[in-house]
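Chemist: Give the three-dimensional model of this entry:
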Amino acid sequence: MGKDGGRNLKAGVGATVRCELTDGGAKLGMPVTAKSVDGDKVNMDFKVDDAATG
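Modeler: Sure thing, here's the model as predicted:
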């Protein structure tokens, strides 16, 4: 699971990266998807996983 939090998301509709959030010892995944691109602006959609790991 990547820890980039969307920094490496390609600016193309449908591009997806998976980020990792941490809270104490718990880890949550969060997929981030590019929904639309307008010039240098990327509209992103994300949803944190329902269950933590670790």
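Chemist: CA atoms for contacts and neighbours, from now on please.
Modeler: Will do.
Chemist: shaky segments in this protein?
Modeler: Low-confidence segments of the chain (pLDDT under 70): 1-7, 54.
Chemist: now the strands: where do they sit in it?
Modeler: Taking DSSP state E as the test, the strands found in the chain are 16-23, 26-38, 41-46.
Chemist: For these, please prepare CSV with the additional fields mean neighbour count.
Modeler: Formatted as CSV, the strands of the chain follow (neighbours: other Cα atoms under 10 Å):
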stretch, mean neighbour count
strand 16-23, 17
strand 26-38, 17
strand 41-46, 14
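Chemist: From the geometric centre of the protein, which residue sits farthest away?
Modeler: Residue farthest from the centre of the chain, counting by Cα atoms, centre = their mean, is Gly39 at 20.3 Å.
Chemist: Please tell me how far it sits from Ala11.
Modeler: Using Cα to Cα, to the nearest Å, one gets 9 Å for the distance from Gly39 to Ala11.
Chemist: Next up, the contacts around the residue nearest to the spatial centre of the chain.
Modeler: In the chain, the residue lying closest to the centroid (Cα atoms, centre = their mean) is Val32, at 2.8 Å. Going by Cα atoms under 8 Å, 6 or more residues apart in numbering, Val32 touches Gly5, Gly6, Leu9, Thr16, Val17, Arg18, Cys19, Met44, Asp45, Phe46, Lys47.
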